[in-house]
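Student: Requesting a structural model of the entry that follows:
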Amino acid sequence: MFKLNLKIAFRNLIKNRVYTAINICGLALGLAGFIFILLYINYEKSYDTWDKELDKVYQVQELDLFSLKEGKAEWWGESDGRLTEMIKTSLPNVTAVTHVFETKQEEAIVIDNKEPFLINNIHRTNSEFFSVFPYKFIYGNPAVSFKNLNDMVITEEFAKKYFGNINPIGKVVKLMPQSRIAPYTITGVIAKPETPGTFDLSIVIQSSPIKFNDQILNFRPTYVKFSGKQNEEETSQVLQKVYEPFRAAILKKWKWSPSEYLKNGNKPAVRFKSFYSVHQQPLHQDDWFSQLKPIILLSSLLLLISIINFINMFTAQAVSRAKEVGIRKVTGASRASLIKQFFLETFLQCFCALIFGVILLELFLPYLNEQFSLSLSIINSYNFGLVVLQLISLVVLITLLSGVYPAVFLSSYNPHQVLKGNFAQGQKGSKLRVGLVGIQFVIAVGFFIGIMIISSQIKYMESRDPGFDPTGVIYVDDPMGKILSEHARNIDGVKYVGANDGNVHRHPNLTANYKYNNEVKELATVFVNLEGLQVVGAKLLNGRFFDKAHKQDTSSAVILNESLEKLYGGNMLGKYITYNNDSVTVQVIGIIKDIQVSGFDKSSAPTIYTASKFNATDYPNNGFANLIKYDQRKEKQVIAELNKVWKEASPEYPLSFTFLEHDFKKLFITHERFKQMVKLFSFLSISLSMIGLFSLAAFMTRQRTKEIAIRKVLGADNKDIFLLLNKGYLWLILGANVVAWPLIYIAAQHWLSGFAYRIEMPVLPFFIAFIVSIFITTLTVSVQVKNAVEANPVKALKYE
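Tutor: Here you go, the predicted model:
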C-alpha cells in the first residue's frame with residue numbers, strides 16, 4: 001500500500017511540476033535560513049566542549065575593588081596571582097592551577113633568522129597549563145613541554161605554515177615583546193580542538209614566575225582543575241573564608257579606608273565559575289543568545305512565510321484534485337488513507353526542499369562564515385550526527401505544520417458534491433487561505449518598514465559628528481618612546497604626535513573620584529599627552545587644549561567634555577576640582593565636544609582628560625605616543641619616512657599601524673550586517689508573499705470563472721470586472737498594513753531604544769510600505785485576473 005501511495009505521490013508531483021517547483025523553492029529558502037541559525041546555535045553551544053576533562057575546570061573570578069560602577073563592584077574574569085597557592089592549600093581536591101595571559105598587541109617573531117614579522121594570539125602561562133587543558137599533542141610530550149623557562153608550544157596550523165611538514169621540535173624561535181629579543185625552544189605541537197574554544201591559540205609559551213608583593217598587583221585569568229566536577233557555590237564559599245581576611249590585610253597595608261567601598265554593600269569576594277560558562281555567560285557583555293535573538297526571529301518569520309506559502313500553493317490545486325478524491329472515496333478509500341496520501345506528498349516536497357536548502361546554504365556558507373567570523377559547515381561538522389538528527393526532526397515538524405491543513409481539507413470533500421461538479425462554487429476554507437496570505441503580508445510589510453528604519457538609523461550614525469576627526473590619523477600598535485616620537489614629529493607632513501587612551505583602539509574605562517562644590521562624583525578619566533586631543537581632531541568648545549607653553553598643564557590642569565560640564569551645571573571653564581581627599585587641586589582649562597569612540601549605542605560618559613603623570617586614578621599616565629596626525633596630501637611620503645625612522649630605531653621590530661578612519665568605520669560593521677540581513681529577508685519575504693498571493697488569486701479566480709463569464713455575457717465591461725476582482729485583495733493588503741504598523745512600530749522603538757543617539761520614529765516608511773504593497777498586490781493579482789477577463793465566456797459556460 002505504501003508503495004502504491006508513493007507512486008501516486010510522485011505522479012501528482014510530476015503532473016503539477018510548476019506548483020511543485022515553486023513549493024520546493026519557496027520552502028527551501030525558508031529552511032536554508034533556519035538551518036543556518038541551527039548551525040550557529042550548535043557552534044556557540046559547542047564552545048569549550050572538545051574534551052570531557054574540561055568539565056572539571058573552573059575560572060577564578062574576583063570582585064573588582066578598583067573600578068566601582070555607580071558605587072557597585074563588578075565581577076572580573078581575572079584574579080590576583082597570589083591566589084594560586086591559597087587555592088592549592090585550602091582546596092585539597094585541586095589537581096592543577098594555571099594562569100593564561102594573552103598578548104593584546106602584535107609581537108615580532110623571527111624564524112630561522114629570516115625577516116621578522118608580526119603575530120598575535122601569543123599566550124603566556126605557567127608549567128601546569130597542559131595539566132589543566134588536555135590539548136592533544138602531535139609532537140612532543142605534555143608532561144615535559146614546559147619543563148624549562150622559555151619553552152614554546154605551537155599549534156599544528158602554525159607549524160605547517162612556517163615549518164612545512166617537518167617535525168619542528170627543537171627549533172629556536174625569537175620573540176621580541178616590546179623590542180626585547182627572547183629566544184624560545186619549540187617543545188611541542190598541538191592539534192586544533194574539534195570545537196571552538198575560549199583560547200584562540202597560535203603560540204603558547206612558559207613565562208617567568210610572577211613575583212608578587214603588596215605594592216604591585218598582577219591580575220590574570222586563572223583556571224583551576226579539580227579531581228571531579230564541583231558545586232560552584234560550596235567550593236567558592238570554602239575559598240571565600242580564607243580570601244576575605246587576605247584581601248582585608250592588603251587593603252590595610254595600603255591604608256585604604258574600606259568605608260566608601262563597604263557602604264554600598266560591597267565586600268571583597270571571590271568565586272569559581274565553570275570553564276564552559278566563560279563563553280556562554282560573559283561578564284561584561286551580552287551573551288551570544290541575546291545577540292542572536294533578532295536573527296532567530298527573522299529566520300523564524302521567513303520560515304513561517306514559507307510554510308504559509310506551501311499551504312496556499314497546495315490548496316490552490318484543490319479543484320484539480322477534487323475529482324480524484326471523490327473517485328477514490330467512491331471506490332472505497334477511507335479518509336485516513338487519503339490523509340496519509342497527502343502527508344506523504346507533503347513529506348516528499350519538504351524532503352526535497354531540505355536537500356535543496358542544504359545545498360543552497362553550503363554554497364553561501366563561505367560568505368556567511370566570512371561575514372560573521374565563523375567556521376560553520378554541514379558536511380564537515382564535528383557533530384554531524386546531531387546535525388542530521390536536527391534536520392530530520394525539522395523535516396518532520398515542517399511536514400506536520402505544512403501538511404495538516406491541506407491533508408484534512410482535501411480529504412474532507414463530499415464525493416456526491418464533487419462528482420456533480422459543484423465543488424468549484426464552494427467557499428470552504430477560503431477565509432483561512434485569505435488569512436494566511438494576510439499574515440504573509442503583515443510580515444512582509446513589517447520587514448519592508450523595518451529595513452527603511454534601520455537604514456535611516458545607520459545613515460544617521462554614520463553622518464553624525466563623533467566629536468573628533470579620524471581622517472589623516474595613524475594608530476601605531478606599539479607606543480613610541482620620547483626619542484622616536486620626536487623623530488616622527490620632525491617628518492615633513494606630520495602635524496601632531498600624541499598619546500590618547502580614549503581612542504577607538506584604547507578605551508580602558510578608568511574611573512576616579514573627583515570633588516566639586518562639596519560633592520564627590522566617580523568620573524571616567526582619559527590619559528593624554530600635550531598633543532593627545534589635537535591629534536584626534538577633538539572639537540574645542542571653550543578654553544584651550546593642553547600646551548607645552550603652560551607648565552601647569554602636566555600637573556594641575558584638566559579638560560572636560562561637554563557631558564561633564566552639563567552635569568556640573570555649565571560654565572566650568574576656569575573652575576577648580578579636587579581629588580585624593582582634597583589634597584590635589586586642578587583647574588579646568590578647556591571644554592571639548594563629546595568624543596564617541598565606541599559607537600552610538602551608549603551615550604558619551606562625563607569625562608575628564610588629564611596630561612598629568614600622577615592623577616586621580618591608581619595608574620600612571622606614561623604619555624607614550626600612539627597616534628600621528630598628518631597632512632593627507634603627503635600620506636605616502638609620511639608613511640615611507642615613518643617606516644624609515646622606525647626601522648632605524650628598532651630594526652628587528654616591524655612597524656605595525658592602522659588608519660583611525662578605517663578603525664572607526666568598523667564600529668558600524670555589526671549594525672551594517674544586521675541591515676544587510678534584514679534587507680535579504682525583506683526581499684525573500686516579499687517574493688514569497690507575492691507567490692502566496694499569486695496562488696490565492698489563481699485559486700479564487702478559478703472558482704469565479706463562470707461568474708466572470710456570466711457577467712461578461714450580461715454586458716459587464718472588462719474594467720468593471722477587473723476592479724471587482726482586485727477589490728477584495730486591496731482590502732486584504734489594507735488590513736495587513738493596519739495590523740503590521742503598530743507591531744513594527746513597537747519593534748522598531750525597542751530596537752532604536754538601544755541607541756543613545758537615535759532618529760525619531762519616521763512616518764514616511766509606513767506610507768511607502770503601504771503604497772508599495774498596494775502596487776505589488778495589484779500587479780501580482782492582475783496577471784491572473786487578466787487571463788480570466790480575456791478568456792472566451794463560451795468556453796466557461798459550454799457545460800451548462
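
Student: pLDDT weak spots in the stretch 351-500 of the chain?
Tutor: 413, 416-430 (pLDDT under 70).

Student: got the contact list for Leu752?
Tutor: Going by CB atoms under 8 Å, 6 or more residues apart in numbering, Leu752 touches 453, 457, 758-759, 761. C-beta coordinates here come from the backbone N, C-alpha and C atoms, glycine included.

Student: then stretch 622-637 to CSV, C-alphas only?
Tutor: As requested, the backbone C-alpha atoms of stretch 622-637 are provided in CSV (Å, rounded to 0.1, in the frame of the first residue of the first chain):
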residue,chain,number,x,y,z
ASN,A,622,53.2,57.3,30.8
GLY,A,623,52.4,59.5,27.9
PHE,A,624,53.8,57.2,25.2
ALA,A,625,52.6,58.4,21.9
ASN,A,626,50.4,56.0,19.8
LEU,A,627,48.7,58.4,17.3
ILE,A,628,50.1,60.5,14.4
LYS,A,629,48.1,63.3,12.6
TYR,A,630,49.4,64.0,9.2
ASP,A,631,48.7,66.0,6.0
GLN,A,632,46.6,63.6,3.8
ARG,A,633,48.2,65.1,0.7
LYS,A,634,51.5,63.8,1.9
GLU,A,635,50.3,60.4,3.0
LYS,A,636,52.7,58.2,1.0
GLN,A,637,55.7,60.4,2.0
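
Student: Helices along the stretch 101-250 of the chain, start to end?
Tutor: 129-132, 156-163, 232-253 (DSSP state H, counting those that start in this stretch).

Student: Please identify the most buried of those.
Tutor: helix 129-132 (a mean of 22; mean count of other CB atoms under 10 Å).

Student: filter the contacts of Leu752 to the buried ones?
Tutor: 453, 457, 758 (16 or more other CB atoms under 10 Å).

Student: centroid residue for the protein?
Tutor: Gln291 (5.5 Å; CA atoms, centre = their mean).

Student: Nearest to Leu298, out of the helices of the stretch 101-250 of the chain?
Tutor: Closest approach to Leu298 among the helices of the stretch 101-250 of the chain (CB to CB): helix 156-163, 34.1 Å.

Student: For the closest one, which helices and strands make contact with it?
Tutor: strand 137-140, strand 182-190 (3 or more CB pairs under 8 Å, 6 or more residues apart in numbering; DSSP states H and E).

Student: can I get those in CSV with mean pLDDT, mean neighbour count and distance to Val473?
Tutor: Listed next are the helices and strands packed on helix 156-163 as CSV, based on pLDDT from 0 to 100; neighbours: other CB atoms under 10 Å; distance: least, CB to CB, whole Å:
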stretch, mean pLDDT, mean neighbour count, distance to Val473
strand 137-140, 93, 18, 44
strand 182-190, 91, 20, 32
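
Student: possible to save the buried ones among the contacts of Leu752 as TSV with secondary structure?
Tutor: Formatted as TSV, the buried ones among the contacts of Leu752 follow (DSSP: H, G, I helix; E, B strand; the rest coil):
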residue	secondary structure
Ile453	helix
Gln457	helix
Arg758	coil
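
Student: re earlier: make CSV out of the contacts of Leu752 and add distance to Ile339.
Tutor: Shown next, in CSV, are those (distance: CB to CB, whole Å):
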residue, distance to Ile339
Ile453, 44
Gln457, 49
Arg758, 52
Ile759, 52
Met761, 48
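
Student: picking up where we left off before, lowest-confidence stretch among the helices of the stretch 101-250 of the chain?
Tutor: Comparing mean pLDDT across the helices of the stretch 101-250 of the chain, the weakest is helix 232-253, with a mean of 82.

Student: so what does it touch, helix or strand wise?
Tutor: helix 83-90, strand 270-274.

Student: List the contacts of that helix.
Tutor: Against helix 232-253 from outside (CB under 8 Å, 6+ apart): 58, 65, 82-83, 86-87, 90-91, 214, 226, 258, 267-274.

Student: Using neighbour counts, trim these to the buried set.
Tutor: Judged by 16+ other CB under 10 Å, buried ones among those: 58, 65, 82-83, 86-87, 91, 226, 268-274.

Student: farthest-separated two in these?
Tutor: Leu65 and Phe226 (26.4 Å).

Student: out of the helices and strands packed on helix 232-253, which comes closest to Val476?
Tutor: helix 83-90 (35.1 Å).

Student: Tell me which other helices or strands the closest one touches.
Tutor: strand 57-63, strand 94-102, strand 222-226, helix 232-253.

Student: Name the SS class of Gly590, please.
Tutor: strand.
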